[in-house]
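1. Mind folding the following:
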Amino acid sequence: MVREQYTTVTQDIDLDRTENKYVYKIGIYGWRKRCIYLFILLLIIILIVNFALTVWILKVMWFSPSGMGHLLVTQNGLRLEGESEFLFPLYAKEVHSREDSSLLLHSPQNVTINARNDTENVTGRLTVGPTDVETHGQHFKLNSNRGKMLFSADETEVVIGSDKLRITGPEGAIFEHSVETPLVRAETFKQLRLESPTRSLSMDAPNGVQIKAQTGGIEGSSQMDVLLHTIEGMIMLDAETVRLPKLPLGKQDGSGDLQKLYEVCVCPDGKIYSAAANVRSMCQKYNHICH
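-> Numbers count the residues shown, from 1 in each chain. From the prediction side, this is the model:
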């Protein structure tokens, strides 16, 4: 509080001294002053609480110059130590585990991996569910460690690039349509059987079909007819013994009964029958079998 007095004094003229008393109060007083002090005290308390919370968050989240807790920032990207849980989608260019441990993706429902293009459209998808594994894409390819293609599939064909395809199921393999392969072979000491229960079985090759059994026999059976057809070549039965046990047998004469010799006759329509052998051919005698 300042009190100013203005006094006019003259040397020549003696006037009566007049005193004007004016008091000016500068500052904030009363309840306004108390409110300001209370507000400043509240700001200090809030500042201290914020500083304490910041220190607590830094301590709880394990913030450090190299990262946050198990999340470390390296030159190659981000590194997570231990188990990590993601509540929302994760976008990354590359995800790999440590050299001394495996990478485990765990989910109570499905694990889905999507590949997107520049327009954010899904071009490939891999879904691992509790009961099945699904993949969606234009082309599926499986390679070995050396880069050799083992399996490839698309809308037009499926290619198996391994040297051998082994099917160990007791029922074998079922193909609804044609199969193209250079070799069909059974496992060692096992039988090879090609069967068509309700339709026909056809084997075609431009340079010939070879059926070979190393130590056993070859058996072919059919409910209806077995046809051996060639266009330009011939059908050759080359064996030490060729037997046709169920051929129709013509009437035998005395010589045939004694010698037990028979000749094979062929009808014009291709039917084969047997007749008792004689000095001359007996096929003409028993050609009634052809009718």
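2. Secondary structure element for Ile44, which one?
-> helix 31-60 (DSSP states H and E).
3. Within the sheet, what are the partner strands of the helix or strand just after that helix, with directions?
-> With elements assigned by DSSP H and E, the helix or strand that comes after helix 31-60 is strand 63-64. Here strand 63-64 has these sheet partners by DSSP bridges: strand 67-68 (antiparallel).
4. So which bits of stretch 60-72 are buried?
-> Gly67 (16 or more other Cβ atoms under 10 Å). Just so you know, the C-beta spots here come from the backbone N, C-alpha and C atoms, and that holds for glycine as well.
5. Let me see the mean pLDDT of that stretch.
-> In this model, stretch 60-72 has a mean pLDDT of 74.
6. Straight-line length of that stretch, end to end?
-> 16 Å (Cα to Cα, to the nearest Å).
7. so how far is that stretch from its chain's centroid?
-> Once both centres are worked out by Cα atoms, centre = their mean, to the nearest Å, stretch 60-72 turns out to sit 36 Å from its chain's centre.
8. ranges for the strands of the stretch 101-250 of the chain?
-> 111-116, 122-128, 133-136, 140-143, 149-153, 158-160 (DSSP state E, counting those that start in this stretch).
9. Which residues does the second one contact?
-> If I follow you right, that is strand 122-128. 105, 110-117, 133-138 (Cβ atoms under 8 Å, 6 or more residues apart in numbering).
10. Show me what stretch 198-218 is in contact with.
-> Contacts for stretch 198-218 (Cβ under 8 Å, 6+ apart): Gln191, Leu194, Glu195.
11. now those as JSON lines including distance to Gly217 and pLDDT?
-> Below are these laid out as JSON lines (distance: Cβ to Cβ, whole Å; pLDDT from 0 to 100):
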{"residue": "Gln191", "distance to Gly217": "10", "pLDDT": "80"}
{"residue": "Leu194", "distance to Gly217": "15", "pLDDT": "83"}
{"residue": "Glu195", "distance to Gly217": "17", "pLDDT": "82"}
